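Engineer: Sequence first, then the predicted structure:
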Amino acid sequence: MNATKTWLLVFALALIRASAAQIPPRPRPIPPAERPRERPERAGWQQLPRIEVADAFRARSGPQIGLNFVRFFWVAPGGPGRAPDEIFGDLAWLGAAAYRQFVKADLFWDLVEPAAGRWSFANADAVVSQAGFMPLPTLFAMQYASPTPPWETDPANFRKTIGPEARRYLETVVRRYAPHVKYWELGNEMEHWRIADPGDGGLARARQSDRVPDARPADGFSPSEQGRFLAEAAAIVRANDPDAVIVLPGMAGLDGYSLDVWLAGVVAGGGTDWFDVVNYHDYAGWESFIIRRPRLTAALQRLGIADKPVWLTETGSSSDPTLTLRTDYPNRPETQAADVFRRIVQGFGFGDDLVVWHSHSGAPGAAQNSWRGYGLCDSAGRPNLAGHAFRLLTSELVPWAKIERLEADPRGANVYRFMLPDGTVKTVAWGSGTCVAPDGATQFVSVVPAADGTFTWQPVAPGARLPLAPHPILVK
């Protein structure tokens, strides 16, 4: 063997040894009994930060918890619809005084003025004036809010600024309902207008579930143009209701487009003074919330609006194992009940003044509906496991005066401490490891109820170490 061949052989052996050294040993197969029952989300999982220092937030005035998508005047298949008083009875039992997206009784433009000068207020009158509850109406449209009249079908007549029709709609609705409404949300998830942007994929981005308006702009409706429209609308609302609190349209998520393009563009076009409350939605798995929520805080700081209250007006998960679109723990009734605490408590613990669960009752047409299984009760108002968990949360933790985030690590412990207005201290914890029962603690309970909806409280001594699991415990 000549010197060249010898050198090549030595070099190849060295490469083989180096590669072998980098190959990790084959992991031990995990028996089924040891496998985690809830699969963490993979996106960004390795970048999840561990939060060591406690953050504390004090409650501001206003609602703290509510329900989204309340089906007033819906007729259940095969049976009569439920009267508003019955549905308000559900909300009272659940402990949700605030309600949003009451759909067929909401103040959407096409509902209250389906044709020019033809007004329809019967449904809204029967719901919005209900004493003891706080409506959070959405103005203009569920999606694709604009100053274009809903009866307009010609794309050439799309309006980007307030015209006489939109002014009349706002003045009529606000004057009529100002005695019953404090918070006005101007539109919802307006990022959907992205589909009309000729440079962003056009209508190819429309989902089948989107109800794209016939009158849509050929040149798009940019976030800055939306900001100018929203600022105009807010000025009209305030002129007719001096006590109005204006809520930013709920952002569809906390991704780069919503925060860095849509929100930044709305602020660039309309400024920051026209809205009082920041508003967002979040449906992804609870584990990566500690990545998503700080993105919002950072965006608000960049835009100079970090002092505004923040609302999470849509969050939730499904109990249906066959629906894996937004979460897949895998989903089941028990994980949904656990999520009532995991999602709502995390929202509070990261500074959200109001958290709204989606939804009140289950979606009809379950097999085809991508929102099936999200409700806290069935169409007759019978609560499921998540409904009982929601009632436990509202009865034990709401209203709260102060909350401390002590631990937030989906791979470890998640611990949140609530102080109630009377000075009572309660703790919610889940994850892995242990949680020390605080001074004065006497009992704890799993927030996931038994099949009949009951909870069994267990005694605990102060200082005791309680083992944690994916399903949260409430300690008091």
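Structural biologist: Received, thanks.
Engineer: from here on, contacts and neighbour counts on C-alpha atoms
Structural biologist: Will do.
Engineer: Quick check: what element follows the least confident helix or strand in the chain by mean pLDDT along the chain?
Structural biologist: Sorting the helices and strands of the chain by mean pLDDT, DSSP states H and E puts helix 3-22 at the bottom, at a mean of 39. With elements assigned by DSSP states H and E, the helix or strand that comes after helix 3-22 is strand 55-58.
Engineer: what are the C-alpha coordinates of that following strand, in PDB please?
Structural biologist: Once side chains and other backbone atoms are set aside, the C-alpha atoms of strand 55-58 remain, and they are given as PDB (Å, rounded to 0.1, in the frame of the first residue of the first chain):
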ATOM      1  CA  ASP A  55     -44.500  39.000  38.100                       C
ATOM      2  CA  ALA A  56     -47.500  40.500  39.900                       C
ATOM      3  CA  PHE A  57     -50.500  42.300  38.500                       C
ATOM      4  CA  ARG A  58     -53.200  44.200  40.300                       C
END
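Engineer: and residue 225, that's in a helix?
Structural biologist: Yes - with DSSP: H, G, I helix; E, B strand; the rest coil as the criterion, residue 225 is part of a helix.
Engineer: Can you report how many residues lie near the closest residue in space to it that isn't next to it in sequence?
Structural biologist: The shortest distance from residue 225 to any residue other than its chain neighbours is 6.1 Å, reached at residue 269 (Cα to Cα, 6 or more residues apart in numbering). The local packing of residue 269 (other Cα atoms under 10 Å) involves 19 other residues.
Engineer: from what I can see residue 269 touches residue 222, true?
Structural biologist: No - using Cα atoms under 8 Å, residue 269 is not in contact with residue 222, being 9.3 Å away.
Engineer: can you map out the helices along the stretch 51-200 of the chain?
Structural biologist: Taking DSSP state H, counting those that start in this stretch, the helices of the stretch 51-200 of the chain run over residues 84-94, 109-112, 122-128, 164-177.
Engineer: quick one: low-confidence parts of the stretch 101-250 of the chain?
Structural biologist: Judged against pLDDT under 70, the low-scoring parts of the stretch 101-250 of the chain cover residues 201-210.
Engineer: can you pull out the strands in it?
Structural biologist: According to DSSP state E, counting those that start in this stretch, the stretch 101-250 of the chain carries its strands in the segments 134-136, 138-139, 183-186, 245-247.
Engineer: okay, residue 71: pLDDT?
Structural biologist: Reading off the confidence values, residue 71 has pLDDT 95.
Engineer: same question, the one 10 residues further on
Structural biologist: pLDDT recorded at residue 81 is 79.
Engineer: dump the residue contacts of it.
Structural biologist: Contact analysis of residue 81 by Cα atoms under 8 Å, 6 or more residues apart in numbering lists 73, 74, 75.
Engineer: how does it look with 6 Å?
Structural biologist: Contacts for residue 81 were tallied using Cα atoms under 6 Å, 6 or more residues apart in numbering; they are 74, 75.
Engineer: just the helices in the stretch 351-476 of the chain please.
Structural biologist: 385-397.
Engineer: Strands of that one, residue ranges please.
Structural biologist: Along the stretch 351-476 of the chain, the stretches classed as strands by DSSP E, counting those that start in this stretch are 354-358, 402-408, 413-419, 425-431, 434-436, 443-446, 458-459, 465-467, 473-475.
Engineer: Make CSV out of those and add mean pLDDT.
Structural biologist: Below are those laid out as CSV (pLDDT from 0 to 100):
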stretch, mean pLDDT
strand 354-358, 98
strand 402-408, 96
strand 413-419, 97
strand 425-431, 97
strand 434-436, 95
strand 443-446, 98
strand 458-459, 98
strand 465-467, 97
strand 473-475, 98
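Engineer: just to revisit the earlier point, if I read this right, the residue nearest to residue 225 contacts residue 230, doesn't it?
Structural biologist: No - between residue 269 and residue 230 no contact is recorded; they are 9.3 Å apart, counting by Cα atoms under 6 Å.
Engineer: follow-up on the earlier one: reformat the strands of the stretch 351-476 of the chain as TSV; add distance to residue 369.
Structural biologist: Putting the strands of the stretch 351-476 of the chain into TSV (distance: least, Cα to Cα, whole Å) gives the following:
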stretch	distance to residue 369
strand 354-358	14
strand 402-408	33
strand 413-419	33
strand 425-431	31
strand 434-436	39
strand 443-446	31
strand 458-459	39
strand 465-467	38
strand 473-475	32
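Engineer: among those strands, which is nearest residue 103?
Structural biologist: Across the strands of the stretch 351-476 of the chain, residue 103 has its closest neighbour in strand 354-358 (13.1 Å, Cα to Cα).
Engineer: counting contacts, what elements does the closest one pack onto?
Structural biologist: Contacts of strand 354-358 with other secondary structure elements, assessed using 3 or more Cα pairs under 6 Å, 6 or more residues apart in numbering; DSSP states H and E, are made with strand 65-68, strand 310-315.
Engineer: Residue 290: what secondary structure?
Structural biologist: With three-state DSSP as the criterion, residue 290 was assigned helix.
Engineer: same question, residue 281
Structural biologist: Three-state secondary structure (criterion: three-state DSSP) places residue 281 in strand.
Engineer: That one and residue 267, how far apart?
Structural biologist: Counting by Cα to Cα, to the nearest Å, the gap between residue 281 and residue 267 amounts to 19 Å.
Engineer: more crowded one of those two?
Structural biologist: Neighbours per residue (other Cα under 10 Å) separate residue 281 from residue 267, with residue 267 holding more: 22 against 19.
Engineer: gap between that one and residue 106?
Structural biologist: Distance, residue 267 to residue 106, by Cα to Cα: 27 Å.
Engineer: One more: residue 314?
Structural biologist: Separation of residue 314 from residue 106 (Cα to Cα): 16 Å.
Engineer: Next: residue 198.
Structural biologist: In this structure, residue 198 lies at 32 Å from residue 106, with Cα to Cα as the measure.
Engineer: Of the two, which one has the most company?
Structural biologist: residue 106 (27 against 14).
Engineer: Just list the residues touching that one, thanks.
Structural biologist: For residue 106, the contact set (Cα under 6 Å, 6+ apart) is empty.
Engineer: if we go to 10 Å?
Structural biologist: 70, 72, 100, 112, 121, 123-125, 127-128, 135-142 (Cα atoms under 10 Å, 6 or more residues apart in numbering).
Engineer: Can I have the buried ones of those residues as a PyMOL selection?
Structural biologist: The following PyMOL command selects only the buried members of those, with burial defined by 16 or more other Cα atoms under 10 Å:
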select buried, resi 70+72+100+112+123+124+127+128+135+136+137+138+139+140+141+142
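Engineer: before we move on, the earlier item: reformat the helices and strands packed on strand 354-358 as JSON lines; add mean pLDDT, mean neighbour count and distance to residue 239.
Structural biologist: Below are the helices and strands packed on strand 354-358 laid out as JSON lines (pLDDT from 0 to 100; neighbours: other Cα atoms under 10 Å; distance: least, Cα to Cα, whole Å):
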{"stretch": "strand 65-68", "mean pLDDT": "98", "mean neighbour count": "26", "distance to residue 239": "28"}
{"stretch": "strand 310-315", "mean pLDDT": "98", "mean neighbour count": "24", "distance to residue 239": "24"}
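Engineer: In CSV, list those strands along with distance to residue 373.
Structural biologist: Putting those into CSV (distance: least, Cα to Cα, whole Å) gives the following:
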stretch, distance to residue 373
strand 65-68, 14
strand 310-315, 13
